[in-house]
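**Q** Sharing a model that was predicted from the sequence below.
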Amino acid sequence: MDDSQSDDGPVPTERSASAESTVSAESTVSGPDTDDPPSFSLAGVRDGFRACVPIALGVAGYGVVFGVLARRAGLSTAEATLMSATVLAGAAQVIAVGIWEYPIPVVALVVTTFVVNLRYALMGASLRPWFRHLSPRETYGSLFFMADENWALTMAELRSGGTQGAFLLGSGLAIWTFWVASTILGATVGGVVEDPARWGFDFVLTAVFLVLAVTLWEGKRSFAPWITAAAVALAGARFLPGEWYILLGGLAASAVAVIRRD
């Protein structure tokens, strides 16, 4: 037997020791890119739906307003309901019925809706840490039901280390259910509610967004992007036609966040 060998086994080489330290360091890294991949399950749909019900109730107030406005614009209850069920974008829908006339200005409607909803491109991109683990059917099925409110809830779930990949779908189904139901209600009783602003319905969506903004606040690191978004959006609303200020504010805030992170 060679005296240079030990009964205790081979001594770890410098390379193996380095590999062990690397694995150890990686195991301490937290965040959605290194946690367990999300699972897409019925339980995730259920939990997302339950978490979003209180917010969906607030959205319903805005849905009543849309139903009233849609009826005043000449849409039938069925047409207003179909729009809510297939578009699911309150701001775009309200703007659309505001310019609704006969013959229908198709180009104006399409362009306006496209511009107002461009923000969803940024919102969807922010959920990539989840989507890259999901199938195309799961991803695009969830995106169909994404609204501002349940996107904010899903972002909070993602940041907390959640692994329920169906959370966005479940919370979106809650928004969709209450939005469609309240549209039917608003379109049905549209003649009774003569002035929605008198009952505060016009402020419902603003109140919901303010509550959601509080949940997304991350302290001092959020200050610069938020201030930038507000300044750019206000300037855009003041000097540009249409709804471009929404997209510009989001892009400006995203740019500031990327620069600060780098």
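**A** All right, it came through fine.
**Q** what about the closest residue to Ser41 other than its chain neighbours, distance to Gly172?
**A** Nearest residue to Ser41, sequence neighbours excluded (C-beta to C-beta, 6 or more residues apart in numbering): Ala166, at 5.9 Å. Quick note: C-beta positions are derived from backbone N, CA and C, even for glycine. Distance, Ala166 to Gly172, using C-beta to C-beta, to the nearest Å: 10 Å.
**Q** What of Glu149?
**A** 9 Å.
**Q** which residues do the two both contact?
**A** Cys52 (C-beta atoms under 8 Å, 6 or more residues apart in numbering).
**Q** Of the two, which one has the most company?
**A** Gly172 (29 against 24; other C-beta atoms under 10 Å).
**Q** Please enumerate the helices of the stretch 151-262 of the chain.
**A** In the stretch 151-262 of the chain, the helices defined using DSSP state H, counting those that start in this stretch lie at 167-188, 204-216, 220-239, 244-261.
**Q** okay, which residue is most central for this structure?
**A** Computing the C-alpha centroid of the chain and ranking residues by C-alpha atoms, centre = their mean puts Trp151 first, at 2.2 Å.
**Q** and it, what does it touch?
**A** Taking C-beta under 8 Å, 6+ apart, one finds 123, 127, 168 in contact with Trp151.
**Q** rerun that using 7 Å as the cut-off
**A** Met123 (C-beta atoms under 7 Å, 6 or more residues apart in numbering).
**Q** Going forward, the N-terminal residue is numbered 780.
**A** Sure, I'll start numbering at 780, so the last one becomes Trp930.
**Q** Go through the chain and flag its longest helix.
**A** As assigned by DSSP state H, the longest helix anywhere in the chain is helix 821-851.
**Q** Show me which parts of that one are buried, residue by residue.
**A** 823-824, 826-828, 830-831, 834-835, 837-850 (16 or more other C-beta atoms under 10 Å).
**Q** Show me what the next helix or strand along the chain from that helix packs onto, helices and strands only.
**A** Going down the chain from helix 821-851, the next helix or strand is helix 856-866, by DSSP states H and E. Helix 856-866 sits against helix 821-851, helix 869-877, helix 946-967, with contacts defined as 3 or more C-beta pairs under 7 Å, 6 or more residues apart in numbering; DSSP states H and E.
**Q** sorry, back to before: just the angle between the longest helix of the chain and helix 869-877, please?
**A** Note on geometry: by axes from the mean of the first three to the mean of the last three C-alpha atoms, to 10 degrees, helix 821-851 and helix 869-877 are set 20 degrees apart in direction.
**Q** next one: helix 821-851 to chain centre, how far?
**A** 14 Å (C-alpha atoms, centre = their mean, to the nearest Å).
**Q** Next: stretch 911-920.
**A** Computed by C-alpha atoms, centre = their mean, the chain-centroid distance of stretch 911-920 equals 16 Å.
**Q** which residues sit against it?
**A** 816-817, 819, 910, 944, 948.
**Q** out of those, who's nearest Ala1003?
**A** Using C-beta to C-beta, Phe910 is the member of the contacts of stretch 911-920 that lies nearest Ala1003, at 26.9 Å.
**Q** what about the closest one, neighbour count?
**A** Residues near Phe910, counting by other C-beta under 10 Å: 20.
**Q** Who's the closest spatial neighbour of it, skipping the chain neighbours?
**A** Per C-beta to C-beta, 6+ apart, closest to Phe910 is Thr918, 4.7 Å.
**Q** what about the one you found, distance to Arg829?
**A** 22 Å.
**Q** can you check Trp996 too?
**A** 24 Å.
**Q** what do you get for Arg851?
**A** In terms of C-beta to C-beta, Arg851 sits 35 Å off from Arg829.
**Q** Then Ala1032?
**A** From Ala1032 to Arg829 the distance is 30 Å (C-beta to C-beta).
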